[in-house]
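Novice: After the sequence you'll find the predicted model.
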Amino acid sequence: MASTVIVERFAGFSGELLGPEDDGYDAARRVHNGLIDRRPALIARCRSTADIVDAVNFARAEGLEISVRGGGHNVAGRAVIDNAVMIDLSPMKGIHVDPAARTARAQGGVLWRELNRETALHGLAVTGGAISHTGIAGLTLGGGLGWLMAKHGLAADNLVSVELVTADGSVIEVNEQSDPELLWALRGGGGNFGIAASLEYRVHPLALVTGGLIAHPFERAGEFLRWYRDAVADASDDLNVFAALVHPPDAPPGFKAAAMIVFHTGTEEEAERDLAPFKEWGPPIMVEVGRMPYPVMNTLLDDAYPTGSLNYWVSNFTTGLDDELIDAMVERYATVPSPATGLLLEHFHGAVCRIGETETAVPHRSEGWNLVVPGTWFDPAETEANIAWVKETHAALAPHLAERKWLNYLGDDQGDDAVRAAYGPNFDRLLEVKRRVDPDNVFRNNHNIAP
């Protein structure tokens, strides 16, 4: 337990207070990215909205910076800052699904696998990432792409309301009636405006889906990616297919492949029809595709991104998927130093692209691809080589990349230009909201919009 003086300042606090001298402190300060090794002055593990308010008020009274931890999955590791008060929402796990209204409200410490499990009981779901151990709050506030985005848009597009703790310790319910401009900003503006104690989503009927992995020999990667580019050109809203250059799980050391992660929300017959070309081209060396509950689909990539792995990521949207970019991707991946690193193409189409670029804070509404270079490795001695490879690969692909960036993939060393590239034409409008609700920039340990 933190010092007696601090505990006395938190009279009524229902969570747990941890200082550097306490058991559990080191475990609580760890986040998903093992590169992040920071030591907050105090960790306030909150169990309620009132606990969050207490922690905000304490930090401001003591002149300490604030960081906020939901799922702790963000690659930049902004959830934990040296000598700050880390407001940890991970104990806050309340979830309520209203099947009649088709809404779900969940507290800020909930992970996607937890929310998916509860909504699935009622045959419902909402877009929520591709890794089930990601937190709902950070992913949603940063936009929230995922398997369902072609069918139902981003997580942010389905955000109905937020219980928000503001910089002055107030608690406000943000919705279309109470503050439509702030709700607009929360739909993709990151953690700039307050702490999301709970989030309410619009959820959609969904039970079984069809999904899985298809792999081809790396020697055919260029041919495969050209075929993939054309195969998804007219994809329906039910079909979402990402492509990647990877080392398949359980493959021999050094074995590389070109792969697809396929997802379909239609009936079994519709999925079989639409996925037949993807399963037959090649022929593939692996086809593991079948019917499954949506929550299972959301776990298929979990093992590829284990907690504690060392991560350095970059990403940009592409200007297309021309032959020159494909050739450059294949050439670069041939030299990848870590079998845990991939090159990933996330396909944007369907519902996510039928929303105007200024309708939410997320401006990325054009059909095409987000190219991610998720550098992942496990040996600290290999950090320098892996970071260098990611940077060199990004530079080699740069002639084929747009300025636009996905907010949740920004690393810790990307500055103001990257933040502007993430918000695009919405930056100035977000700046005005920031000046109104957090003029002192209390919430600045994020991809910040400085007032």
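Specialist: Happy to help now that I have it.
Novice: For the rest of this, base every contact and every neighbour count on C-alpha atoms.
Specialist: Noted.
Novice: mind listing what the residue lying closest to residue 110 once chain neighbours are set aside touches?
Specialist: Ranked by C-alpha to C-alpha, 6 or more residues apart in numbering and with sequence neighbours excluded, the top spatial neighbour of residue 110 is residue 93, at 5.0 Å. Contact analysis of residue 93 by C-alpha atoms under 8 Å, 6 or more residues apart in numbering lists 106, 107, 108, 109, 110.
Novice: Highest neighbour count among those?
Specialist: Top of the contacts of residue 93 by neighbour number is residue 108, holding 30 neighbours under the definition other C-alpha atoms under 10 Å.
Novice: Show me what the helix or strand containing residue 115 packs onto, helices and strands only.
Specialist: In this assignment (DSSP states H and E), residue 115 forms part of helix 112-120. Using 3 or more C-alpha pairs under 8 Å, 6 or more residues apart in numbering; DSSP states H and E as the contact definition, the elements that helix 112-120 packs against are strand 95-98, helix 294-297.
Novice: Highest mean neighbour count out of these?
Specialist: Ranked by mean neighbour count, the helices and strands packed on helix 112-120 are led by helix 294-297 with a mean of 22 (mean count of other C-alpha atoms under 10 Å).
Novice: Tell me which residues are up against that one.
Specialist: For helix 294-297, the surrounding residues in contact (C-alpha under 8 Å, 6+ apart) are 113, 116, 117, 120, 125, 206, 207, 208, 209, 211, 212.
Novice: packing partners for the helix or strand following that helix?
Specialist: Sequence-wise, the next helix or strand downstream of helix 294-297 (DSSP H and E) is strand 310-317. Strand 310-317 sits against strand 368-377, helix 383-397, with contacts defined as 3+ C-alpha pairs under 8 Å, 6+ apart.
Novice: Pick the one among the contacts of helix 294-297 closest to residue 412.
Specialist: Nearest to residue 412 among the contacts of helix 294-297: residue 113, at 26.0 Å, using C-alpha to C-alpha.
Novice: and the gap between the closest one and residue 68?
Specialist: 20 Å (C-alpha to C-alpha, to the nearest Å).
Novice: All the helices of the chain, in order from the start?
Specialist: With DSSP state H, the ranges of helices along the chain come out as 4-9, 25-29, 49-62, 112-120, 136-141, 149-152, 180-186, 221-231, 268-280, 294-297, 323-333, 383-397, 416-423, 427-437.
Novice: Map the structural domains onto the sequence of this protein.
Specialist: Following automatic domain parsing, the chain resolves into domains at 4-88, 95-205, 208-409.
Novice: count of neighbours near the nearest residue to residue 126 once chain neighbours are set aside?
Specialist: Spatial nearest neighbour of residue 126, chain neighbours left out: residue 203 (5.0 Å); criterion: C-alpha to C-alpha, 6+ apart. Neighbour count for residue 203, taken as other C-alpha under 10 Å: 23.
Novice: which one of the helices and strands packed on strand 310-317 is the most hemmed in?
Specialist: strand 368-377 (a mean of 23).
Novice: list the helices and strands that one packs on?
Specialist: Where contact means 3+ C-alpha pairs under 8 Å, 6+ apart, strand 368-377 is packed against strand 310-317, strand 343-348, helix 383-397.
Novice: Let's see that with 6 Å instead.
Specialist: Under the contact definition 3 or more C-alpha pairs under 6 Å, 6 or more residues apart in numbering; DSSP states H and E, strand 368-377 sits against strand 310-317, strand 343-348.
Novice: want to try TSV for the ones you listed, with mean pLDDT and mean neighbour count as columns?
Specialist: As requested, the helices and strands packed on strand 368-377 are exported to TSV (pLDDT from 0 to 100; neighbours: other C-alpha atoms under 10 Å):
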stretch	mean pLDDT	mean neighbour count
strand 310-317	96	23
strand 343-348	98	22
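Novice: of all the ones you listed, which lies closest to residue 131?
Specialist: Proximity to residue 131 (C-alpha to C-alpha) singles out strand 343-348 among the helices and strands packed on strand 368-377, at 13.7 Å.
Novice: residues touching the nearest residue to residue 318 once chain neighbours are set aside, list them.
Specialist: In space, and not counting its chain neighbours, residue 318 is closest to residue 401: 4.2 Å by C-alpha to C-alpha, 6+ apart. The contact partners of residue 401, by C-alpha atoms under 6 Å, 6 or more residues apart in numbering, come to 317, 318, 319.
Novice: count of neighbours near the nearest residue to residue 355 once chain neighbours are set aside?
Specialist: Excluding the flanking residues, the one nearest residue 355 by C-alpha to C-alpha, 6+ apart is residue 365, at 6.6 Å. Applying other C-alpha under 10 Å, we find 17 other residues in the vicinity of residue 365.
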